[in-house]
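The sequence isn't on hand, but the structure is:
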């Protein structure tokens, strides 16, 4: 490929922790630029050292503030921090993304912190794949701790959260029933629960409700005996952040000593392969220049074939080697 | 298959609009019971008549109330209504689902309305496929109008919304910035905008903000000249519902006369095939008894292979005919 060289040239700089090169490659990942795939393949060999923490919670739970405070606290322990904030947004929401970026910006100026927000357009998908590629870049660049902030709603987001070593789910007082219900699925996969905004008078009710939900649906989230703690924080009062960091560190030790880290690495590898395969399939539909797809779709439209049988037929043709971006590198 | 007969026996009853048989088949769809696939294939031939309306909006926007009022208004025009409410929930959120069901329950007792909420577990995925299968059952059963209510966050939900003939996006006053930002991606795919809770004093601000966002990001959501209207509703004051129904009917006529209906049917067929193919892939990972997957995952874990290359390898093996549920029916 003619344009392959530039991304490959960035690899050494990324491995040396050069922030601008990391940022450039993340932009190419976001743009689904196939040219960066060989670089990402090289980067991948250098990953596996960082501790990846997924921080998720419903809108309004104060995740962004918590991520900022957590990053500042972790920096005091001499660790370097990478932050990827995922926005379920579009060009329409420029304001919201900008708002987040400004809040996060207090952290910059410190070379031990790298911050990046990633937006995604609905139709193209690929959020999970792109965010994990970005995590790889920060991991290979030597960041000790990577914070992955997501809203945590929808299949993609649940998949992303499940790829973390440690999952932190943030609850907050004062949110509506609808909003609270959205987080229900997340509670099951949480390693650490945070109740934020504990300076508020109604925080106690939130803690009681959360503990009630947890006791109702109680089951270990691992087979290795980890009991997810509930940590109270108040970003306003700067309280609870050190406790959260300590809980994260305890969970990290638990993962290493219990053998659960290996299980999580397997789950992450599975998720990444699956999400990538899904992206490749999706690209075949979006392009609309694939005769097999066009023909099958036509038969579904005319009711000659049901969608399930059509999907089976499609999968049966995949060995013909079509992919989304020509990255047909096979061993 | 030994258990294949029962679902197939339900087909005739579904086609006659028998609510209990519809409900039974939906439950099997939810449970991913492979036994119901031949029945669904038969059902599919009888679909394509209903008008499918996706109603979506952020949590707290008052979607459920709007759906209820809309169903009651449409019943007055002698149409039969099917409602599928999708909850991004889990066993933890039993309370929330129950709450919705009770609110919806005011509608039952009328045989011209069928209501069903569908929950989904995050790890298994399949929400889009299951909900479209449920829509098929209602379509084939003869319901004139099908309302599909979703929270509208995440790839799956966007895909579901895009499968509707008419997409209604609900905004409401008094929601936080975070929550508002979530809906940004939806505005682009909306055919009709609703601002609910217009009895509230701050509703005007919401309308002004919405119109500002729309003018900022203005682009036709079709190439056929449909201009998405903004409808103000107040479920409390029972206002605006007839206007919403009229807007939906206008959009339906527009789809038919402009030729856009054919485009949307294509998009729906594509989405359903893609989602089904994704589900089949996902099932291969979850089962963990697929040697090819296990080997590839191992190589990704040990960094011998990057996830992208592993995904390409996986797709290249799919012609070996493995599927999630033995439904290897091929013409």
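Sure, I can see it. Just so we're clear, the structure is a prediction, and the values are computed from it rather than from any experiment.

pLDDT score assigned to residue A:5?
Note on residue A:5: pLDDT of 51.

Please name the nearest non-neighbouring residue to residue A:297.
In this structure, residue A:297 finds its nearest non-sequential neighbour in residue B:269, 4.9 Å apart by C-beta to C-beta, 6 or more residues apart in numbering or on different chains. Yep, even glycine has a C-beta here, placed from its N, CA and C like the rest.

My read is that that neighbour contacts residue A:302, right?
No. The pair residue B:269 / residue A:302 is not scored as a contact, 9.3 Å apart, by C-beta atoms under 8 Å.

quick one, which of those two is more surrounded?
The neighbour count for residue B:269 versus residue A:302, taken as other C-beta atoms under 10 Å in any protein chain shown, is higher for residue B:269 (23 against 11).

show me what contacts the spatially most central residue of chain A?
In chain A, the C-alpha nearest the mean C-alpha coordinate belongs to residue A:160, at 3.9 Å (C-alpha atoms, centre = their mean). Residue A:160 makes contacts with A:54, A:86, A:127, A:128, A:131, A:132, A:148, A:150, as judged by C-beta atoms under 8 Å, 6 or more residues apart in numbering or on different chains.

likewise residue A:212?
By C-beta under 8 Å, 6+ apart, the contact set of residue A:212 is empty.

For the residue nearest to the centre of chain A, give its distance to chain B.
Note on residue A:160: its distance to chain B, by C-beta to the nearest C-beta, to the nearest Å, is 11 Å.

now the strands for the stretch 101-250 of chain A?
Using DSSP state E, counting those that start in this stretch, the strands assigned to the stretch 101-250 of chain A run over residues A:113-119, A:145-150, A:166-171, A:192-195, A:230-232.

Nearest to residue A:7, out of these?
strand A:113-119 (16.9 Å; C-beta to C-beta).

Point out the other helices and strands that the closest one packs with.
Contacts defined by 3 or more C-beta pairs under 8 Å, 6 or more residues apart in numbering or on different chains; DSSP states H and E place strand A:113-119 against helix A:19-30, strand A:81-87, helix A:94-105, helix A:127-140.

Can you say which of the ones you listed is nearest to chain B?
Among those, the nearest to chain B by C-beta to the nearest C-beta is helix A:94-105 (3.5 Å).

Quick check: mean pLDDT of that closest one?
Averaging pLDDT along helix A:94-105 yields 45.

Over to stretch A:56-71?
So the average pLDDT for stretch A:56-71 ends up being 84.

So residue A:309 versus residue A:186, what's the distance?
Look at residue A:309 and residue A:186: by C-beta to C-beta, to the nearest Å, they are 35 Å apart.

meant to ask about residue A:197
18 Å.

that older thread, output the strands of the stretch 101-250 of chain A in CSV, with distance to residue A:66 appended to each entry.
Output for the strands of the stretch 101-250 of chain A, formatted as CSV (distance: least, C-beta to C-beta, whole Å):
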stretch, distance to residue A:66
strand A:113-119, 14
strand A:145-150, 9
strand A:166-171, 6
strand A:192-195, 7
strand A:230-232, 10
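
I'd like to know which of the ones you listed lies nearest to residue A:79.
Evaluated over these, closeness to residue A:79 peaks at strand A:145-150, with 5.2 Å, by C-beta to C-beta.

what about the closest one, near chain B?
No. Judged by C-beta under 8 Å from any C-beta of the partner chain, strand A:145-150 stays clear of chain B, getting no closer than 10.2 Å.

Tell me which other helices or strands that strand touches.
For strand A:145-150, the packing partners by 3+ C-beta pairs under 8 Å, 6+ apart come out as strand A:51-57, helix A:63-75, strand A:81-87, helix A:127-140, helix A:155-162.

Show me what the fourth one is packed against.
For helix A:127-140, the elements it packs on are helix A:4-15, helix A:19-30, helix A:37-44, strand A:81-87, strand A:113-119, strand A:145-150, helix A:155-162, helix A:260-287, judged by 3+ C-beta pairs under 8 Å, 6+ apart.

What are the structural domain limits within chain A?
A:1-46, A:48-260 (automatic domain parsing).

List just the one of the ones you listed that sits closest to residue B:82.
For the domains of chain A, distance to residue B:82 was read as C-beta to C-beta. The smallest value, 22.6 Å, belongs to domain A:48-260.

In chain A, where is pLDDT below threshold?
Where chain A drops to pLDDT under 70, the residues are A:1-5, A:87-108, A:119-125, A:152-155, A:176-185, A:216-224, A:318-331.

residue contacts, residue A:173?
A:195, A:197, A:200, A:202, A:203, A:205, A:206 are the contacts of residue A:173 under C-beta under 8 Å, 6+ apart.

Looking at the residues you listed, which one is closest to chain B?
Using C-beta to the nearest C-beta, residue A:197 comes nearest to chain B of the contacts of residue A:173, at 12.5 Å.

for stretch A:33-48, which positions count as buried?
Neighbour counts using 16 or more other C-beta atoms under 10 Å in any protein chain shown place A:34-44, A:46-47 of stretch A:33-48 among the buried residues.

follow-up on the earlier one: list buried residues within the contacts of residue A:160.
By 16+ other C-beta under 10 Å, the contacts of residue A:160 give A:54, A:86, A:127, A:128, A:131, A:132, A:148, A:150 as buried.

correct me, but the fifth one touches residue A:117?
No. Using C-beta under 8 Å, residue A:131 is not in contact with residue A:117; the gap is 10.7 Å.

Can you pull the residues that touch both of those two?
Taking C-beta under 8 Å, 6+ apart as the criterion, residue A:131 and residue A:117 both touch A:84, A:86.

Is residue A:78 part of a helix or strand, or is it coil?
Assigned by DSSP: H, G, I helix; E, B strand; the rest coil, the conformation of residue A:78 is coil.

just the domains of chain A: most buried one?
Here the criterion is mean neighbour count by mean count of other C-beta atoms under 10 Å in any protein chain shown, and of the domains of chain A the winner is domain A:48-260, at a mean of 20.

I appreciate the help and will end here.
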